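Visitor: Got a predicted model here, sequence first, then my questions.
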Amino acid sequence: MSERYTIGEAAKKLQVSTRTLRFYEEKDLVRPAYTEENGYRFYEKDQIRQLELILFLKELGFSLKQIKMLIQDEHGSQSLELLLKEQYQENQRKIDEISKKQAQIKYLQKIKLSRAVLTNHSDITDIMRKENRLLALRRRMCFLGSLLVLGELVGISLLYAFKLQMSVAVIGVTVVGAIALSKYYYDNVEYVCPNCGDVFIPSFLEFNLAPHTPKFRKSTCPKCGKKSYCLEISRE
């Protein structure tokens, strides 16, 4: 006699509720091997294996509608291949969305927003929107900086090759280029005081001389007069 399981035993073996097994039966996914006159349901190994497959596919993100189609399809293996590809893409999209949210949460944890910032400087979404623009600005700065360094190297190579006495000119061009890059960055950023939440733009001299990190620059707030590391954001 083949091994059989009551609905309670099958549910315990599969670590699901008896209600779940009854629901699958109602949806015509897996029916018990047989049901006695008293209404007791019994499952055998074939049904257990089918239930295990359903639960496995459900964990992968498949809907019960998709699972039912696979079970009842004569060309189930081909359909499964297509559905696996679609589900992989869908799962990857969700992973990308979660990764983006995690990065935003990590950023907000780093900047340690004060109550004043949240009260006076619009809201978190505004700060995050400006952060995205700031990241784009920094990528442009890296590209332009690389071009400046490349141009300097080419100039030095030409001077060396032709033995030209134009080192002062090359240094001058480099300095002017560096100042222009700094001014371009300065014209596109502003700062949020962590003490009072005021948004301000320091002088160009203070901007260049102030200690800074990738997220903050030490400046004096013109409103409250306190000098602290202020959050750098993109200008409108």
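Guide: Received the coordinates, thanks.

Visitor: how close does residue 8 sit to residue 102?
Guide: Taking C-beta to C-beta, to the nearest Å as the measure, residue 8 falls 41 Å from residue 102. Every residue, glycine included, has its C-beta placed from N, CA and C.

Visitor: More neighbours: the two, which one.
Guide: Each of residue 8 and residue 102 had its neighbours counted (other C-beta atoms under 10 Å), and the higher figure belongs to residue 8 (13 against 10).

Visitor: How about that one: what's its closest non-neighbour residue?
Guide: Using C-beta to C-beta, 6 or more residues apart in numbering and skipping the chain neighbours, the partner closest in space to residue 8 is residue 18 (6.0 Å).

Visitor: From residue 138, how far off is that neighbour?
Guide: If you go by C-beta to C-beta, the gap between residue 18 and residue 138 works out to 57 Å.

Visitor: Could you list the low-confidence segments of the protein?
Guide: Within the chain, the set of residues satisfying pLDDT under 70 comprises 1-2, 74-77, 104, 107-132, 152-173.

Visitor: what about the strands in it?
Guide: Ranges of strands within the chain are 4-6, 34-35, 41-44, 189-192, 199-200, 216-220, 227-234, based on DSSP state E.

Visitor: a markdown table please, covering the ones you listed and showing mean neighbour count and distance to residue 94.
Guide: As requested, the strands of the chain are arranged in a markdown table below (neighbours: other C-beta atoms under 10 Å; distance: least, C-beta to C-beta, whole Å):
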| stretch | mean neighbour count | distance to residue 94 |
| --- | --- | --- |
| strand 4-6 | 17 | 35 |
| strand 34-35 | 12 | 39 |
| strand 41-44 | 19 | 33 |
| strand 189-192 | 21 | 32 |
| strand 199-200 | 17 | 35 |
| strand 216-220 | 18 | 33 |
| strand 227-234 | 19 | 28 |
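
Visitor: For these, could you give me JSON lines that also reports distance to residue 183?
Guide: Listed next are the strands of the chain as JSON lines, based on distance: least, C-beta to C-beta, whole Å:
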{"stretch": "strand 4-6", "distance to residue 183": "76"}
{"stretch": "strand 34-35", "distance to residue 183": "82"}
{"stretch": "strand 41-44", "distance to residue 183": "75"}
{"stretch": "strand 189-192", "distance to residue 183": "11"}
{"stretch": "strand 199-200", "distance to residue 183": "18"}
{"stretch": "strand 216-220", "distance to residue 183": "15"}
{"stretch": "strand 227-234", "distance to residue 183": "16"}
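
Visitor: closest to residue 208 out of these?
Guide: Closest approach to residue 208 among the strands of the chain is made by strand 216-220 (10.1 Å; C-beta to C-beta).

Visitor: Run the angle between the closest one and strand 227-234 for me.
Guide: Taking axes from the mean of the first three to the mean of the last three C-alpha atoms, to 10 degrees, one finds that strand 216-220 is oriented at 130 degrees with respect to strand 227-234.

Visitor: I would like the residues contacting strand 216-220, please.
Guide: Applying C-beta atoms under 8 Å, 6 or more residues apart in numbering, the external contacts of strand 216-220 come out as 111, 191, 200, 202, 206-207, 210-212, 226-232.

Visitor: Go again with 6 Å.
Guide: Here strand 216-220 makes contact (C-beta atoms under 6 Å, 6 or more residues apart in numbering) with 191, 202, 210-211, 227, 229-230, 232.
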